[in-house]
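Undergrad: Turn this into a structure:
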Amino acid sequence: MNRKTAEAQEKKMSGGTTCLNESKFNAPLPLIGVYIAVACAICMAAMGIDTIHGLLHRRLWFPCRFFPINATSLTLLSVACKLPVDLSTPMPGPQDQLTKLSGTVFICVVMAFSMPSLGVMEDPEIVSNMAALFIFVITVVVNVCIQLGTGVIYKFRAEHVVVLICMLLLLGLMCSSALVIDTTNRILNSRYDSKAPMRLQKADMEYMKNDVTKLWLMVHTGSPQYVLARSVLSTVAGALTTICVLLLIQAEIRSFFTDFCIGQSSYLWANWPVLVSQTSAVLVGSVAPALRWCSASGYRKPGGVRHWSDDFRVERFWVQRLEEWKENPLPGYLSNRYVRARVHMLRNMILDICIFLQKGTVQVSKAVRLASALLVLLSRRVVYYFRSRLSATTEKALRFMRKLGLLYSAHQDQDLIEVEMDSVLDAGRGIAGLELNDYVLHLEGENDLVMWMSSSGHKDMDKWMEKGRNEKCGALLRLLSKSSVSEGFKNMRFFMNDNVPPIPTFSSDVPPNCWTLSAVTIMAVSVSLSRFYGDRIKMMVEGLSEGLELMNFVENNLDFRGLTSMRKAAAIVWSTIDLKGKWLDHNLANLPVNTSTFSIGAASDVNNPSLILALQIIECLGEIGKKHVMAFENEIVSVPPRHWPPEALAGTNLYRISRTIIDYNRYETIDELLIWMEMTLADIVGACLTNLPFAIFVEYVSGKVAERERRVRNAAFVLGKSQNLHDSLRWSHLQDPDDENANVDRWRSGEANPYIIPENDTSNVHAAIEEITTELEWELLLSAQ
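TA: Prediction:
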């Protein structure tokens, strides 16, 4: 009957006018409610990841990595907060009225949560994002005010008013923060440049540890997000967010005891998932602003030896940019003197108002911070008073809170703040009596936070070094034990002979070498012989797998020759060896050996069948490499060798090393061949890793501002890992950045190697082979037993 009535209405004509069927207009609203709930859940997940990351890494300033202010997050926010801007849909039920309030509170939480992300933006990005946020917030405020006037929102009206005031205040705080970002970054970057080392003085582990710790403190405390998160404006943002969250919680509790109008919203059942997702997102997102508030307030010592007026003094950097704008000349296209005078007067008047508002915002924020510090001090005294009366279970909970940085231990018979500051001061003196507080980059007015930042930064650095020390490198150490480090890695000179004729039809120019490509090529040749000593080859693969991480680290920082294609070739070859046991698409365990064309060159007097088979396999590898190069003949004939395709570079390297093994080295048994390859691989890896000190230095002193923290943290990790290798390597002397010690070809020629062995001196080589042969025989005997 309803369908017929609807059809009749559609067909009814009156004066040439068609009547609309409004019965289905509201049908999609439940699905739209689900869409809103999903958007809230995505926002909650992103904020939750940032929060968990901050808690796990003890970064209670919670950098915004997954949920910064950008076009994506603002779009999600506009979808998630659709209900507060819905002007006409009836919302009679309790869940309907609460979704209006939870949506506005969610906006406040997102603004406070994402405020530090402004610090890593450039000026154009800040302007565009803040303009979009300003338009969105003003739209929400106006729409909610209209609904308060029309009666769409008829419950929790006082809460709405307070939340809207907090929302506008948060918008003002974000605008104030955006004004000082450029100034604070310039101040802290200049201090960083004045204190950062220009060169590595000595390759000493303790010296480098101190160096990394100082650099970490500077990049950690000078991080743009950290600077905003610990500022007085962020402290107030956390307080405002906490007030909004408490208002929402009390409103939801009151809803169980409050009468609401009879009726049903057009969103039907969908308002319940919206309310649940928004409330959950509010609770998750409010953790970071609240902890920033507590952390920054907890280490402020109110009063003390300073005058109380110092707590309300506005530092110059808060208004420095506005003053610079005021001093800038007017644009030249204003040629009329009268117009220029009026524009100049109007501009200065507007900037004076902005300076006054900025100073007022900072002073009010400092008053809130001072009250927060007193509140934190009072709460600590209450907690410590009742601490001795708590049960063992509660004591465990307090220990967990202390690990998160929410509570701090102190003796009851001493002043709590003084004890905490003394303990932090001791930590700030750092390692080996080093005064680390001098390397904390802080702004004027942040002196109270210096010791706390020094302590927390020092702990972070120790954690990353310890993580590096705990990294597994047993197989790498076993491989390095086979190297000739005491003799200057002598096998570096013999693994590739320059007299190997070039591949026919190509010029005499050969591609330069890189460490990783040479190592993985030797490894490919070794894997092809795994039928003889499978366990031994497996140990070599494990050792190189652990060593390649450090070798790539060295080449990433010390590649002064631009060997990008060679490094890419090494990565491709190693991925096929490690994962498939292949060299590119050729199975190393089942190579098609052609005995009829075999030419063993310098090994023509070999009578050992196993050695002959091994040399035939190696020659087959050389032919495979040669064919790979020939396949790219048209692409590389007029291209410089360093710019060849990675596959052609890998083939050239395989061909030259295979021919070197066959034509220019003598072996009496297959054991000697395997020992030579193992020693050569160990020497390549060891010689490369002698460059670790300078590679670590380059890692932690270079990079853009946004990358500094990651690079210094990575350098600390590698430095900790390098401590396990210190006894196996000889960091003999310091090389300058433009030195060729990182050049594998100069190592082969002996120019970069301080330990050159005369070519006619083979006694040490034979002694080493005999020693390792004896060791190999013992291992084989033990494995047989």
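
Undergrad: got any ranges where the stretch 251-400 of the chain has weak pLDDT?
TA: For the stretch 251-400 of the chain, residues meeting the criterion pLDDT under 70 lie at 298-310, 332-335, 383, 385-400.

Undergrad: quick one: the helices in it?
TA: 271-285, 287-298, 320-327, 337-387, 392-403 (DSSP state H, counting those that start in this stretch).

Undergrad: For residue 154, find the nearest of those helices.
TA: helix 271-285 (15.7 Å; C-beta to C-beta). Heads up, the C-betas are built off the backbone N, CA and C, glycines and all.

Undergrad: sorry, back to before: with distance to residue 99 as added columns, please give the helices of the stretch 251-400 of the chain in CSV.
TA: Output for the helices of the stretch 251-400 of the chain, formatted as CSV (distance: least, C-beta to C-beta, whole Å):
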stretch, distance to residue 99
helix 271-285, 5
helix 287-298, 22
helix 320-327, 40
helix 337-387, 30
helix 392-403, 33
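
Undergrad: Now distance to residue 245 and mean neighbour count too, for these, in JSON lines please.
TA: Converted to JSON lines, the helices of the stretch 251-400 of the chain look like this (distance: least, C-beta to C-beta, whole Å; neighbours: other C-beta atoms under 10 Å):
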{"stretch": "helix 271-285", "distance to residue 245": "6", "mean neighbour count": "22"}
{"stretch": "helix 287-298", "distance to residue 245": "8", "mean neighbour count": "24"}
{"stretch": "helix 320-327", "distance to residue 245": "33", "mean neighbour count": "15"}
{"stretch": "helix 337-387", "distance to residue 245": "16", "mean neighbour count": "15"}
{"stretch": "helix 392-403", "distance to residue 245": "19", "mean neighbour count": "11"}
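
Undergrad: Looking at the ones you listed, which is nearest to residue 526?
TA: Here helix 392-403 is closest among the helices of the stretch 251-400 of the chain (C-beta to C-beta), at 47.6 Å.

Undergrad: Run through the residues that contact residue 647.
TA: 569, 572, 584, 628, 631, 632 (C-beta atoms under 8 Å, 6 or more residues apart in numbering).

Undergrad: pLDDT wise, what is the third one at?
TA: According to the per-residue confidence, residue 584 scores 86 in pLDDT.

Undergrad: next one: the fifth one
TA: Per-residue pLDDT puts residue 631 at 84.

Undergrad: Enumerate every residue touching it.
TA: Residue 631 sits next to 647, 648 when contact means C-beta under 8 Å, 6+ apart.

Undergrad: let's have the chain start at 231 instead
TA: Understood, numbering begins at 231; the last thing we discussed is residue 861.

Undergrad: Residue 815 versus that one, what's the distance?
TA: 12 Å (C-beta to C-beta, to the nearest Å).

Undergrad: follow-up on the earlier one: pull out the buried residues from the contacts of residue 877.
TA: 799, 802, 814, 858, 862 (16 or more other C-beta atoms under 10 Å).

Undergrad: Show me which of these is closest to residue 922.
TA: residue 799 (22.8 Å).

Undergrad: quick one: secondary structure of that closest one?
TA: Secondary structure, DSSP: H, G, I helix; E, B strand; the rest coil: residue 799 is helix.

Undergrad: so it touches residue 880, yeah?
TA: Yes. When contacts are counted by C-beta atoms under 8 Å, residue 799 is listed as touching residue 880 (4.3 Å).

Undergrad: Now do the shared contacts for those two.
TA: With C-beta under 8 Å, 6+ apart, residue 799 and residue 880 have common neighbours residue 747.

Undergrad: Tell me which two in the buried ones among the contacts of residue 877 are the farthest apart.
TA: 802 and 862 (14.0 Å).

Undergrad: so what's residue 307 up against?
TA: Neighbour list for residue 307: 273, 336, 337, 340, 366 [criterion: C-beta under 8 Å, 6+ apart].

Undergrad: Surely the last one is in contact with residue 304?
TA: Yes. Using C-beta under 8 Å, residue 366 is in contact with residue 304, at 6.6 Å.

Undergrad: that older thread, to residue 672, which of the helices of the stretch 481-630 of the chain lies closest?
TA: helix 517-528 (12.6 Å).

Undergrad: what about the helices in the stretch 631-780 of the chain?
TA: 646-658, 680-699, 704-710, 745-757, 764-788.
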